[in-house]
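In: Sequence first, then the predicted structure:
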Amino acid sequence: MHFETLNIIEPILKSLKEEGYTTPTPIQVQAIPIVLQGTDLIGCAQTGTGKTAAFAVPILQLLSKNKSFDRKKKIRSLIVTPTRELAIQIEESFKAYGRYTGLTCTVVFGGVNQNPQTNALRNGVDILIATPGRLLDLMNQGFISLKDVEIFVLDEADRMLDMGFIHDVRRIIAALPQKRQSLFFSATMPPEIVRLAGSIVYKPVKVEVTPSASTVDIVDQFVYFIDRGNKNSLLLELLKDEKIKTALVFTRTKYGADKVVRVLKKKNISAEAIHGNKAQNARQKALSSFKAQTTRVLVATDIAARGIDVDDLEYVINFEIPNISETYVHRIGRTGRAGAKGTAISFCDAEEKEYLKDIEKLITKKIQVIDDHPFPLIDNNPIKPVKQQFHSRTPNRFGSSKSLIPDRRNRRR
C-alpha cells in the first residue's frame with residue numbers, strides 16, 4: 001500500500017515524497033482514513049511506529065479544505081504533548097508534511113523566554129503544539145484562546161498521567177469547545193488511561209496496531225544482574241566495545257544522570273546529560289550533538305527522553321530499572337524504530353529485581369539474562385560496592401576472549 005491509496009491531497013503527498021515516505025505504517029493505514037472522516041479516535045501503538053504522521057497528515061488535509069485568510073488566524077488544531085523535545089519534534093513534522101498547504105503552526109513550551117512564542121501567536125497560527133504548563137500559562141495571560149479549536153490531539157497520554165499532568169489536561173479540555181474532533185494517542189493503555197480517554201473522546205473508533213504493552217519484537221533485550229556500586233564499571237566495560245557507536249542511557253533521577261556523565265567524561269568518553277534542570281538550548285544542543293554522533297552517550301531521565309527520535313539508534317541502556325513497568329516499554333522504544341535493529345540492555349541490582357518481575361509480567365516475556373560478565377550480583381546490599389578488577393574482554397573457560405554483548409547471530413529470541 002502507498003500513501004496515494006489513502007486519498008491524501010497532492011500538496012501533502014508531494015511533501016511526504018520529499019521526506020522519503022512511500023509506504024504508510026500500520027497505525028497510519030488505519031488511523032488516517034478514520035481521522036479524515038471527522039471521527040474521534042483512540043490510537044494505541046508502540047513508539048516509533050509513526051503515530052505523529054497518523055494524526056498530522058489528516059489534520060493538515062482537513063484544515064486545508066477550509067483555510068482561513070483572516071489577518072488574525074484562529075487556533076484551529078491543538079496538539080498537547082508532555083515534553084519539550086516531543087513538542088519540537090511534532091512541530092517539525094507538521095511543517096515538513098504541510099509545507100505546501102499554506103497552513104501555519106507554532107510550538108510553545110516552558111523553560112525558555114516566552115516572547116518569541118507570543119509574537120508567533122500574535123501573527124496567528126492554524127496549528128498549535130504545546131506542553132501543558134506553558135499552554136495554561138499563556139492562556140491565563142490572554143495570549144491563547146481555544147474557543148475555535150476544531151481538532152484536539154492528546155499525544156502520549158500515558159506519560160501525561162505518569163508526569164502528573166492529569167489536572168492540567170482537564171483544565172485544557174474544559175477550555176475547548178464541546179463540538180470538536182478529538183484524537184487520543186498512547187503507547188500503553190492501563191485502566192487509568194482508558195478512563196481519561198472516556199472523558200475526552202466521543203463515540204471513538206479504537207485503533208490498536210499491537211498489544212498495548214508489547215515491546216518492539218526486533219529489539220533484543222538483555223539484563224545484567226549487578227551490585228549497584230558496580231554499575232559504572234559495567235557501563236565503562238560495555239562501552240569499550242567499538243560497535244556501540246552511540247548509546248542512550250537512562251537513569252531515574254537528574255542527579256544520577258549528571259553523575260554518570262561525570263564518570264564517563266573522566267574516562268574520555270564524550271557524554272551529555274538531558275533532564276528537566278537543563279536549559280532548553282542546552283538540551284537541544286546535547287540532542288543535536290548526539291544525533292550527529294559527536295556525543296557518543298546521551299544520559300537521560302524519563303521525562304526528558306520522551307520525544308528523542310534518533311535515526312539508527314541501536315543501543316538503549318537502562319542504567320537503572322524503571323519502577324513503572326510501562327516506562328520500560330517507552331525507554332526501549334527509542335531503539336528499533338521504523339524496523340531498524342535495536343538492543344536494550346538493563347542493569348538490575350538487588351532492589352530492582354521486583355521492578356524487573358513487573359516488567360516481564362507486563363511484556364509477557366522473559367528478558368534474557370547475561371551472567372557471564374565481570375561484575376555478577378553477589379551482595380544483597382546494593383549500596384555496598386564490590387571491588388573487582390576487570391578487563392576490556394572477558395576470558396572464557398578456554399582462555400579466549402569475547403565481547404560482553406552477545407553476537408546478534410547467536411542471540412536467543
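Out: Everything's here; your move.

In: Domains in this structure, by residue range?
Out: 3-208, 219-410 (automatic domain parsing).

In: Let me have these in TSV, extended by mean pLDDT.
Out: Putting those into TSV (pLDDT from 0 to 100) gives the following:
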stretch	mean pLDDT
domain 3-208	89
domain 219-410	81
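
In: phi, psi of residue 181?
Out: Residue 181 adopts backbone torsions of phi -100, psi 130, taken as degrees, to the nearest 10.

In: Which residue comes closest to it once chain neighbours are left out?
Out: residue 151 (4.7 Å; C-beta to C-beta, 6 or more residues apart in numbering). Just so you know, the C-beta spots here come from the backbone N, C-alpha and C atoms, and that holds for glycine as well.

In: for residue 35, same thing?
Out: Using C-beta to C-beta, 6+ apart, the closest residue to residue 35 is residue 58 (3.7 Å).

In: Might you report the residue contacts of that neighbour?
Out: 31-32, 35-36 (C-beta atoms under 8 Å, 6 or more residues apart in numbering).

In: so where does it fall, helix or strand?
Out: Assigning secondary structure by DSSP states H and E places residue 58 in helix 51-64.

In: tell me, how many neighbours does residue 218 end up with?
Out: 12 (other C-beta atoms under 10 Å).

In: Residue 248 versus that one, what's the distance?
Out: In this view, residue 218 and residue 248 are 17 Å apart by C-beta to C-beta, to the nearest Å.

In: A strand includes residue 169, no?
Out: No - under DSSP: H, G, I helix; E, B strand; the rest coil, residue 169 falls outside any strand and is assigned helix.

In: Quick check: it touching residue 158?
Out: No - between residue 169 and residue 158 there is no contact under C-beta atoms under 8 Å: 12.0 Å.

In: Tell me which of the two has more neighbours.
Out: Shown here are residue 169 and residue 158; by other C-beta under 10 Å, residue 158 has more neighbours (24 against 20).

In: for that one, what are its contacts?
Out: 186-190, 193, 326.

In: how about those residues in TSV, adding distance to residue 357, secondary structure and neighbour count?
Out: Output for the contacts of residue 158, formatted as TSV (distance: C-beta to C-beta, whole Å; DSSP: H, G, I helix; E, B strand; the rest coil; neighbours: other C-beta atoms under 10 Å):
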residue	distance to residue 357	secondary structure	neighbour count
186	24	strand	25
187	21	coil	26
188	18	coil	24
189	21	coil	20
190	17	coil	18
193	22	helix	23
326	15	helix	24
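
In: any chance of the residues you listed in JSON lines, with distance to residue 233 too?
Out: As requested, those are exported to JSON lines (distance: C-beta to C-beta, whole Å):
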{"residue": "186", "distance to residue 233": "37"}
{"residue": "187", "distance to residue 233": "33"}
{"residue": "188", "distance to residue 233": "33"}
{"residue": "189", "distance to residue 233": "39"}
{"residue": "190", "distance to residue 233": "36"}
{"residue": "193", "distance to residue 233": "39"}
{"residue": "326", "distance to residue 233": "30"}
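
In: Can you tell me which of those residues lies closest to residue 298?
Out: Taking C-beta to C-beta as the measure, residue 298 lies nearest residue 187 of these, at 20.5 Å.

In: Tell me the spacing between the closest one and residue 246.
Out: 23 Å.

In: Would you double-check that residue 182 falls in a helix?
Out: No - assessed with three-state DSSP, residue 182 is strand; it does not lie in a helix.

In: What's the local residue count around it?
Out: 20.

In: Repeat that for residue 292.
Out: Neighbours of residue 292 using other C-beta under 10 Å come to 9.

In: For the stretch 101-250 of the chain, which segments count as strands?
Out: 105-108, 127-130, 151-154, 181-186, 205-208, 219-225, 247-250 (DSSP state E, counting those that start in this stretch).

In: if I look at residue 230, how far off is residue 319?
Out: Applying C-beta to C-beta to residue 230 and residue 319 gives a distance of 12 Å.

In: Please say which of these two ends up with more neighbours.
Out: Between residue 230 and residue 319, residue 230 has the larger neighbour count (other C-beta under 10 Å), namely 26 against 20.

In: tally of neighbours for the closest residue to that one other than its chain neighbours?
Out: Computed as C-beta to C-beta, 6+ apart, the closest residue to residue 230 that is not its neighbour in sequence is residue 375, at 4.1 Å. Residues near residue 375, counting by other C-beta under 10 Å, number 20.

In: For residue 375, what is the enclosing helix or strand?
Out: Applying DSSP H and E, one finds residue 375 in no helix or strand.

In: got it, and residue 360?
Out: Going by DSSP H and E, residue 360 is part of helix 353-363.

In: Just give me how far whichever helix or strand comes after that helix sits from the chain centre.
Out: Downstream of helix 353-363, the first helix or strand assigned by DSSP H and E is strand 368-369. Relative to its chain's centre, strand 368-369 lies at 25 Å (C-alpha atoms, centre = their mean, to the nearest Å).
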